[in-house]
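> The sequence isn't on hand, but the structure is:
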Ligand code: ADP
Ligand code: MG
């Protein structure tokens, strides 16, 4: 018997060159090889008698070669192998495979599968009659299909796979055993068995992921030690210069309800770009402060932190609540840390700097992360870990399908702002090719003369973002210096120092210049009422959600706004993204399209890359599995030592994520 930890070298038919090919695929141990699933399957036609074959159908016959000949026409060869069963004869026709004659000795029965044409069966697959009668044949991403199938058949005969799924879960989801599942994923008995096997491995994949996230997250449903009693928000409501939308009021009610419930709040607040999530966070921080607790809000960029700091302090400081900015570039960190530690600071607006070890809170009661998809699970949890079970709000403009929310956050609650503040006008979106560039620049000039501001976003082409932005900037400056030197331009890219970036954003906000050329550093959260035009260069290089996020930087005031997508692409998929941007303004709709186009791993960007690239599971199909696992993940985790194989799979994911 073979052990799962054995090196594949010890298997039959694996010599140095195949070993090398496997190692390139990340396959070293027998266990890895078991999980080397077919990339697709070929459906062989049913086995028929030769006399029953119909032209144009896919079919299989069990027959014996009786003669063979090869004719050459120039470089092309055609080999005809005549085969026979009890009902008749037919030719198997092979193009450029003269050697098949040697593989098909006269008198030995084989199964031949292929398309029936007038002259016979065209380029059939063939197998020894006694081992190749499966009607579904696996296709592997491997150089030799016959040999890999043989290796797999041997392996399945000699190795016993470990059962990773608890019996009760298998029963609940009506899943086969591990052994049956491995057999059918490689060599399906029929379609029904194949889809059961796929379901088995989808479950295994999801359980590994959910256990890993559970381990990172800890048990979240705890009774709360954060005592929220006073939830009168009228003083702060009076201090806000607009009326909340119905939708904002609804989510606010949900949050207030949670905070006073005596249970730890764990809530996802989602709403399209510009729907007004920040003010909800500010009100929640107000409640927390009023009840004697600190609030930490963490955002992915320094620019966004500076902007939020301004919004928070503008509303909260007049109410006597102290707000502190904490980023890498803030001066006097020691005093800042001291004030956080002794409770002088009540609200901290921060970047990742918040999770550094020297930041200690006095009594953290509420933790908010904005643009949550930019953070890894570990970072989010690290912040919450700085309090004793604080309430948690995660905010996102990227709506998350229910299945994925369950996976990523466990049993969290979702609030959705599904309405934009009144008075917003639709952003007109256009697609033009690069020959229009100067006309666009001249349009920006007009807007500038009318007192409006514009963004031009250039893609960060690998490490060259710096040159692409500065070059663009040079051309643009030259253009305006000839045409209208009162149009002032500045630029911004990811390689600049944090405080430099913040300064440029600040002076853009103050109206010191009219056009900002930038990479996607402006993508998340930036809020500037006066900006009316978003120009996106090489628009085909951006994902749909990202384009929508970028577009969301304009149309934040009452002036008419525009989004101009510049691209010469002829690519089908890129054009369909651009078309979707023109046709749709609803971010939820666009996100759904994007998720389907790219899959969850790409969609959520770098922070959660690897772990969401499912091999087997499907967010559309497997909701019931995710739910079932959610119901028992705590129990399985407690008993994880009884599943050593599962544990090591979980550990691998945890290492990747942290
Ligand atoms: P996002 O949900 O994208 O984070 P913000 O919170 O940045 O959106 O809000 C976008 C803009 O809309 C801000 O300038 C904010 O002050 C404003 N805003 C939020 N709520 C309302 C409202 N109910 N009425 C009018 N303006 C609002
Ligand atoms: Mg925001």
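All right, it came through fine. Quick caveat, the model's predicted, so the values are computed rather than measured. Ligands and ions are numbered 1, 2, ... in the order given.

> Packing partners of the lengthiest strand in the chain?
Ranked by residue count, the top strand of the chain under DSSP state E comes out as strand 58-73. Based on contacts counted as 3 or more CB pairs under 8 Å, 6 or more residues apart in numbering; DSSP states H and E, the elements that strand 58-73 packs against are strand 47-48, strand 76-85, strand 88-95, helix 100-103, strand 110-117. From N, CA and C alone the C-beta is placed, and that goes for glycine too.

> List the contacts of the residue in the stretch 351-500 of the chain that ligand 1 sits nearest to.
Nearest residue of the stretch 351-500 of the chain to ligand 1 (CB to the nearest ligand atom) works out as residue 421 at 3.3 Å. When the contact criterion is CB atoms under 8 Å, 6 or more residues apart in numbering, the partners of residue 421 are 242, 245, 274-276.

> burial of residue 442, as a residue count?
Counted with other CB atoms under 10 Å, residues neighbouring residue 442 total 14.

> I should have written residue 306 there, sorry.
Using other CB under 10 Å, the number of residues around residue 306 comes to 24.

> Identify the residue spatially nearest to it, adjacent ones excluded.
Distances taken as CB to CB, 6 or more residues apart in numbering put residue 502 closest to residue 306, at 4.7 Å, once the chain neighbours are dropped.

> ok but the one you found is inside a strand, no?
No - using DSSP: H, G, I helix; E, B strand; the rest coil, the secondary structure at residue 502 is helix, not a strand.

> That one against residue 304, yeah?
No - counting by CB atoms under 8 Å, residue 304 is not a contact partner of residue 502; they are 9.9 Å apart.

> more crowded one of the two?
residue 304 (26 against 23).

> give me every residue that touches the more buried one.
By CB under 8 Å, 6+ apart, the contact list for residue 304 reads 370-371, 524-526.

> Next, find the distance separating the residue in the stretch 101-250 of the chain positioned nearest to ligand 1 from residue 596.
As assessed by CB to the nearest ligand atom, ligand 1 sits closest to residue 242 within the stretch 101-250 of the chain, at 3.6 Å. Using CB to CB, to the nearest Å, residue 242 is found at 36 Å from residue 596.

> And for residue 348?
Relative to residue 596, residue 348 is positioned 38 Å away (CB to CB).

> Give me the more crowded residue out of the two.
Just comparing residue 348 and residue 596: by other CB under 10 Å the higher neighbour count belongs to residue 348, 27 against 13.

> Surely the more buried one and residue 360 touch.
No - with contact defined as CB under 8 Å, residue 348 does not count as touching residue 360 (11.4 Å).

> joint contacts of these two?
Residues touching both residue 348 and residue 360 (CB under 8 Å, 6+ apart) are residue 340.

> show me the contacts for the residue nearest to residue 306.
302-303, 306, 327, 329.

> So which of the residues you listed are in strands?
The subset of these located in strands under the criterion DSSP E is empty.

> Farthest-apart pair in those residues, please.
Distances among these were taken as CB to CB; the most separated pair is 303 and 329, at 10.9 Å.

> Could you pull out the buried residues of stretch 396-415?
Of all the residues in stretch 396-415, those buried under the rule 16 or more other CB atoms under 10 Å are 396-401, 403-410, 412, 414-415.

> Contacts for the helix or strand containing residue 550 next, please.
Using DSSP states H and E, the secondary-structure element containing residue 550 is helix 544-551. Under the criterion CB under 8 Å, 6+ apart, residues 273, 397-398, 427, 429, 455, 457, 520, 522-524, 534, 536, 539, 542, 563, 565, 577, 580-581, 587, 590-591, 593-594, 597, 603 lie in contact with helix 544-551.

> Restricting to these, which residues neighbour ligand 1?
Within the set of the contacts of helix 544-551, contact with ligand 1 (CB under 6 Å from any ligand atom) is found for 273, 397.

> What about the contacts of helix 544-551, which are in strands?
If you go by DSSP E, these have 429, 455, 457, 534, 536, 563, 565 in strands.

> my read: the third one touches residue 520, true?
Yes - using CB under 8 Å, residue 457 and residue 520 qualify as a contacting pair, with a distance of 6.3 Å.
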